[in-house]
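Asks: Everything below, folded, please.
(chains A, B and C)
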Amino acid sequence: MSLIVLNGITKIFNRGRPDEFTALSDVSLEIEPRGLAVFRGPSGSGKTTLLSIVGCMAKPSAGRVLVKGREVTSLPDRFLTDIRRHTFGFIFQQLHLVRGISALENVILPAYPSGEGLASLRERGVRLLDLLGLAHRADTNVEWLSGGEAQRVAIARALINEPAIVIADEPTAHLDTKLSLDFMAAMERLKAEGKTILFASHDPLVYESTMVDRVLEMRDGRIVAERRAS
Amino acid sequence: MNWIDKQRNIVDFALSSLLRRWRKNLALLCVYTFVVFIVASVVFFAEALKRDACLVLEGAPDVVVQRLIAGRHDLISSGHMEKLARITGVSDVKGRLWAYYFEPSVGANYTMVVTEEAAGRPGTVAIGAGVSRTLLAGQGDLIAFRGHDGAYVSLEVARVFPSSSELVSADLVEISEEDFRALFGLPEGIYTDLTLRVRNPKETVVVADKIRRLLPDTRPILREEILRTYEALFDWRGGIVLAIFAGAALAFIIFAWDKATSLTLEERREIGILKAVGWETSEVIVMKSWEGIVISLTAFLLGLVLAYVHVFFTSGTLFEPVLKGWAVLYPRFQPVPFIDPYQVATLFFLTVVPYTVATVIPSWGAATIDPDTIMRQ
Amino acid sequence: MRLRKSSAFIAFTVINVTGLALLFAHGALERQRQAPVLSEKKIMVERFGLTDLCLFTDARYTRNPAVADRSTPFQDNPLSLDYFPSGSILPPPPHLRAHELDR
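Replies: Numbering: from 1, shown residues only, chains lettered A, B, ... in the order given. Prediction:
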């Protein structure tokens, strides 16, 4: 069974206004569990919008989204947030860490409202940082971290709620080659653990990697080509 | 217990959030605490004085009858006494002798009162602690009073009233009727005003009405009216109290304004991140409420504690110059800590609630943004 | 483990509330302790036939507001500067502000 099914998704921003524009038009897509898929295309092709709709962050203007067979487009925001929280982990292009608090606090931040005790949260957070080789920086404020360390904090934060799907938007945009390779190595481990991974990227280092199972070419809000690894 | 853990996690983050801007928040907390401190001090002090006045003045005469001539208070004769005594329900009509005495050497005003007890010891006076302080006179000392004819009369201090009673007795000079009349040149049968008792308290108003009709040149003052006078003590319309309350209100409006307009880019970004990593709008608002509660509750509690210590341990040191005013003689007293829980509750709702609301409302708009906004930055 | 921030806040609030409760308890004790002093003052008021507290001795009107002339609060205006602090704390008595003449 497909993990996520998109059915005729259209997303129009600023509808009815002079600056109206269509970010996605009539996109249909199925995403299977396990594996790494990359959405590739120039900026403005709708990659980010597609990821935010897949990740239940935004609602489509038309069409339906099914997560694990459940229709989510018509759900009220509260339930949508709940599904998002437990199904998806996000790594943002700008990382978007909260400044002024420690790396560990940043990692466990998404899990605060779950009501899990702080002690067990911290324990899980430290374990995640440890896996990424960052346990020694747990109590450092994030503004003192290097770019690569901050990136790994963002990865750990995406994993704290144990999501089935990890979504990353242009993850290597601000990384040099070595750090980009480190990042891909971390993702490979996740893939091996059985997570589903979705990227939006126009970095060859990402979409030409051997670990990528599927590349979807996007242009003008449509998927124009698809290549699967053999 | 899940709910409690959730709230504690959110409080943790709210505190982190406050600590990040600790300079601004500490300054805010200090000013806010000071505002609560000043307002609570006024409230405590006023309530203590009012309750003290109400309890103590229960002993005041039921009715005081004063004679008015040409719009001014004038002396009253015993002829009026007889007429009053005939009114049904009235008992115990007495002539009261009291006067103001200005002592030029120290510039103080005393209140001379005549009592029956003093009649037994002519040539002596009992004085309040305030009088004793200004004249540096103690028991056994002689005090010279300047009479109506310019001659000085020396009277011996038989006793100084205890300091604990200064709120009623600080400026009193208790004197015998004989000495009083000699000093001020008052003939027999003339009094300052009259007091009387009304047997049935419910009839007081009726009696007052009868007095007005029977003796048109007098006015009765009821004890109930005296008590009401002290209810109006520290009335919010009074200059100083108004200035304090207006200052507090202004400070509060500045806070609220600052809060409502100063949701910084940083704070907006933070709310966006919370939304993007899976916080619900309501959870963000709860977090912001906690931020407001932490500041306002702390300021409320600290302000209240400080105000209590200020008013009831240090006798309201900050109010002292206000109470002294231009007077040379003023009472020194330790207010009895009467606290009205209703006023404390009002203070709570006037401080904690509006501030918290002022914190939450601007965040509301920021918290309802779509979580994907942050992805498109 | 380090002290949790929310625990620190709760502890701080509990200390404050306890402090306040102790102070209010002090208030209750003090009221009891002062009861004899209050009744002593009441007896004094009865004995002297007093109508007012000795709060401000700077003017007739502020020393004995209850028996002030009806015209006093207007002639010697309580908000005039010579009686500034006292006059602004002690407004004209209600029974002088009310329409006593009409009764």
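Asks: Check the average confidence over stretch B:337-348, would you?
Replies: Mean pLDDT, stretch B:337-348: 89.
Asks: where's that stretch relative to the chain centroid, distance-wise?
Replies: The chain centroid and the centroid of stretch B:337-348 are separated by 13 Å under CA atoms, centre = their mean, to the nearest Å.
Asks: what's next to it, contact-wise?
Replies: Here stretch B:337-348 makes contact (CB atoms under 8 Å, 6 or more residues apart in numbering or on different chains) with B:36, B:39-40, B:43-44, B:47-48, B:50-52, B:300, B:304, B:308, B:311-312, C:24, C:26-27, C:30-31. (Each C-beta comes from the backbone N, C-alpha and C, glycine too.)
Asks: Helices along chain A, start to end?
Replies: For chain A, helices defined by DSSP state H occupy the ranges A:47-54, A:77-87, A:103-108, A:118-131, A:147-159, A:177-193, A:204-207.
Asks: what's the last one packed up against?
Replies: Right, helix A:204-207. Here helix A:204-207 touches strand A:35-40, helix A:177-193, going by 3 or more CB pairs under 8 Å, 6 or more residues apart in numbering or on different chains; DSSP states H and E.
Asks: how about the helices of chain A, which one is nearest residue B:285?
Replies: helix A:77-87 (13.1 Å; CB to CB).
Asks: which stretches of chain C have low pLDDT?
Replies: Chain C contains residues with pLDDT under 70 at C:1-2, C:69-103.
Asks: what ranges do the helices span in it?
Replies: In chain C, the helices defined using DSSP H lie at C:5-48, C:60-63, C:72-75, C:84-89, C:94-97.
Asks: before we move on, what about chain B?
Replies: Counting by DSSP H, one finds helices in chain B at the ranges B:2-20, B:22-56, B:78-85, B:129-135, B:166-169, B:177-184, B:204-214, B:223-231, B:239-261, B:265-276, B:281-308, B:320-324, B:341-367.
Asks: what's in contact with the shortest one?
Replies: So that's helix B:166-169. For helix B:166-169, the surrounding residues in contact (CB under 8 Å, 6+ apart) are B:52, B:56, B:128-130, B:161, B:331-333, C:41, C:44-45, C:50, C:53-55.
Asks: any idea how far the closest residue to residue A:56 other than its chain neighbours is from residue A:78?
Replies: Nearest residue to residue A:56, sequence neighbours excluded (CB to CB, 6 or more residues apart in numbering or on different chains): residue A:84, at 4.2 Å. Computed as CB to CB, to the nearest Å, the residue A:84 to residue A:78 distance reads 11 Å.
Asks: Looking at the two now, which is surrounded by more residues?
Replies: It is residue A:84, of residue A:84 and residue A:78, that has more neighbours when counted by other CB atoms under 10 Å in any protein chain shown, with 24 against 10.
Asks: from memory that one sits against residue A:58, does it?
Replies: No - when contacts are counted by CB atoms under 8 Å, residue A:84 is not listed as touching residue A:58 (10.6 Å).
Asks: Touching, residue A:106 and residue A:98? I think so.
Replies: Yes - counting by CB under 8 Å, residue A:98 is a contact partner of residue A:106 at 5.8 Å.
Asks: quick one: contacts for residue A:168?
Replies: Here residue A:168 is in contact with A:90, A:91, A:158, A:187, A:197, A:198, A:199, A:200 (criterion: CB under 8 Å, 6+ apart).
Asks: related to what we said a few turns ago, mind putting the helices and strands packed on helix A:204-207 into JSON lines with distance to chain C and mean neighbour count?
Replies: Formatted as JSON lines, the helices and strands packed on helix A:204-207 follow (distance: least, CB to the nearest CB, whole Å; neighbours: other CB atoms under 10 Å in any protein chain shown):
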{"stretch": "strand A:35-40", "distance to chain C": "38", "mean neighbour count": "23"}
{"stretch": "helix A:177-193", "distance to chain C": "28", "mean neighbour count": "15"}
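Asks: Can I get those in TSV including mean pLDDT and distance to residue B:145?
Replies: Shown next, in TSV, are these (pLDDT from 0 to 100; distance: least, CB to CB, whole Å):
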stretch	mean pLDDT	distance to residue B:145
strand A:35-40	91	104
helix A:177-193	90	98
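Asks: now for the ones you listed, which one comes closest to chain B?
Replies: Minimum separation from chain B across those (CB to the nearest CB) falls at strand A:35-40, 13.1 Å.
Asks: Strand partners (parallel or antiparallel) of that closest one?
Replies: Each strand that pairs with strand A:35-40, with its direction, by DSSP bridges: strand A:196-200 (parallel), strand A:214-219 (parallel).
Asks: quick one, the last one and helix A:47-54 angle?
Replies: With axes from the mean of the first three to the mean of the last three CA atoms, to 10 degrees applied, the angle from strand A:214-219 to helix A:47-54 works out at 120 degrees.
Asks: Alpha carbons of strand A:214-219, as PDB, please.
Replies: Coordinates of each C-alpha in strand A:214-219 appear next as PDB, following Å, rounded to 0.1, in the frame of the first residue of the first chain:
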ATOM      1  CA  ARG A 214      13.400   7.900  -7.400                       C
ATOM      2  CA  VAL A 215      13.900  11.300  -9.000                       C
ATOM      3  CA  LEU A 216      10.900  13.400  -9.900                       C
ATOM      4  CA  GLU A 217      11.500  16.200 -12.300                       C
ATOM      5  CA  MET A 218       9.300  19.200 -11.800                       C
ATOM      6  CA  ARG A 219       8.600  22.300 -13.900                       C
END
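Asks: With that, I have no additional questions.
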